[in-house]
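Visitor: Sequence first, predicted coordinates after that:
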Amino acid sequence: MTTPDNCIPLIDLSKPDSKNLIVKACEELGFFKLINHGVPTEVINRLESEAVKIFSLPLSEKEKAGPPNPFGYGNKMIGPNGDVGWVEYLLMRTNSELDFDKFASISGENPEHFREAVNDYVAAVREMACKLLELMAEGLRILPKDVFSRLLKDKQSDSLFRLNHYPPYPEEEVGGELNGKNLVGFGEHTDPQIISVLRSNNTSGLEISLKDGNWVSVPPDQSSFFINVGDSLQVMTNGRFRSVRHRVSTNRLKSRISMIYFGGPPMSEKIAPLPSLTGGDDQTCLYKEFTWFEYKKSAYKTRLADNRLVLFEKIAAS
Ligand SMILES: C=C1C[C@]23C[C@@]1(O)CC[C@H]2[C@@]12CC[C@H](O)[C@@](C)(C(=O)O1)[C@H]2[C@@H]3C(=O)O
Ligand SMILES: O=C(O)CCC(=O)C(=O)O
Ligand SMILES: [Fe+2]
């Protein structure tokens with residue numbers, strides 16, 4: 001799979017015109033690559049080396065931090081409904097120190113190092129995500145400009161952080177345990193939250209779906225971030241922004257490590273199309289209102305590839 005030139009929008013956060021380009025990218029693809037993002041390289045490198053150390057431990061050690069409930073260490077099983085992939089991961093809430101207790105056994109002699117590395121990374125990436133969300137609000141000409149970012153800044157924000165490791169895919173696995181789905185690292189899906197901020201090492205694998213249903217491979221770039229619009233932002237923008245379908249294919253030669261911050265709202269937050277984007281007219285509203293708790297509850301009953309928004313779509317009156 002290749003990527004046609006100029007297929008993936010490139011946003012330079014140091015350029016003054018970035019807000020209009022961000023809006024265009026979110027409307028057309030729901031995905032863009034971000035450079036000059038302001039997240040310090042040492043914060044990124046420190047967490048990546050902690051992740052490399054953890055994933056290099058023997059499986060029996062890592063399993064002490066599992067199974068994921070959904071938080072903790074997971075291996076091959078993704079979510080509670082039978083999805084599998086050639087991936088191992090750590091999944092945690094960003095506002096719960098409790099999740100770190102689960103990782104204490106795998107984070108080396110000094111678990112504080114891992115905790116600090118995650119907290120510093122998440123704080124820097126959240127700040128950058130909030131800046132992007134404010135540029136989106138400005139670009140859409142909606143007020144107040146923190147209409148999206150306040151949800152991530154809220155102390156109760158249900159945001160998650162995930163470290164994924166895709167080991168090289170061994171030849172003997174073809175037709176094996178994963179039942180012939182031999183190229184799936186992480187199956188196709190959309191992210192349920194508002195915004196996802198992803199980075200990886202220099203190994204390819206991430207693929208995104210274009211509007212026409214064609215898949216393109218995203219060339220890796222370890223110094224950039226990749227931004228996904230999530231389902232909740234699609235709803236709040238009344239479908240103007242598109243939550244991007246994406247997946248990860250495996251690599252036979254190299255390990256891929258990725259880190260994803262999923263910026264989500266507080267559990268009790270009501271998610272609905274913003275009146276400033278529907279003109280206050282109920283007829284033009286594409287989605288019913290739901291709380292983030294309701295959406296998550298229903299999402300955890302679905303398979304990875306399911307369209308989780310259909311249940312919340314309004315049926316147009318004929
Ligand atoms: C199969 C599932 C895994 C997932 C929860 C779900 O039931 C459906 C959504 C999945 C997803 C995709 C994006 C993120 O990686 C994730 C943490 C999320 O919020 O929704 C995962 C969930 C998971 O792995 O627990
Ligand atoms: O690992 C990646 O590059 C993407 C994983 C992903 O989409 C997810 O964890 O939701
Ligand atoms: Fe994802």
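Guide: Sure, I can see it. Ligands and ions are numbered 1, 2, ... in the order given.

Visitor: list the buried ones in the helix or strand of the chain with the lowest mean pLDDT?
Guide: Ranking every helix and strand in the chain by mean pLDDT, DSSP states H and E puts helix 98-103 at the bottom, with a mean of 86. Of all the residues in helix 98-103, those buried under the rule 16 or more other CB atoms under 10 Å are 99-100, 102-103. C-beta: built from backbone N, CA, C; applies to glycine.

Visitor: Could you single out the nearest of the residues you listed to Asn119?
Guide: Distance to Asn119 across those (CB to CB) is lowest for Phe100, with 9.2 Å.

Visitor: my read: the closest one touches Glu116, true?
Guide: No: using CB atoms under 8 Å, Phe100 is not in contact with Glu116, being 10.3 Å away.

Visitor: Identify the residue nearest the residue of the stretch 1-150 of the chain found nearest ligand 1 in space, chain neighbours excluded?
Guide: Going by CB to the nearest ligand atom, ligand 1 is nearest to Gly79 of the stretch 1-150 of the chain, at 2.4 Å. Once flanking residues are discounted, Gly79 sits nearest to Leu304: 6.1 Å by CB to CB, 6 or more residues apart in numbering.

Visitor: what number of residues lie near the closest residue to Ser200 other than its chain neighbours?
Guide: Nearest non-adjacent residue to Ser200, counting by CB to CB, 6+ apart: Ser258, 4.0 Å away. Residues near Ser258, counting by other CB atoms under 10 Å, number 24.

Visitor: just Ala124 next, same as before
Guide: Every residue meeting other CB under 10 Å relative to Ala124 is counted, giving 18.

Visitor: what about it, is that helix, strand or coil?
Guide: Under DSSP: H, G, I helix; E, B strand; the rest coil, the three-state class of Ala124 is helix.

Visitor: list the contacts for it?
Guide: Shown in contact with Ala124 (CB atoms under 8 Å, 6 or more residues apart in numbering): 38-40, 43.

Visitor: how does it look with 7 Å?
Guide: 39-40, 43 (CB atoms under 7 Å, 6 or more residues apart in numbering).

Visitor: and if you look at Ser105?
Guide: 64-65.

Visitor: can you check Pro168 too?
Guide: So Pro168 contacts 251-255 (CB under 7 Å, 6+ apart).

Visitor: Perfect, that will be all.
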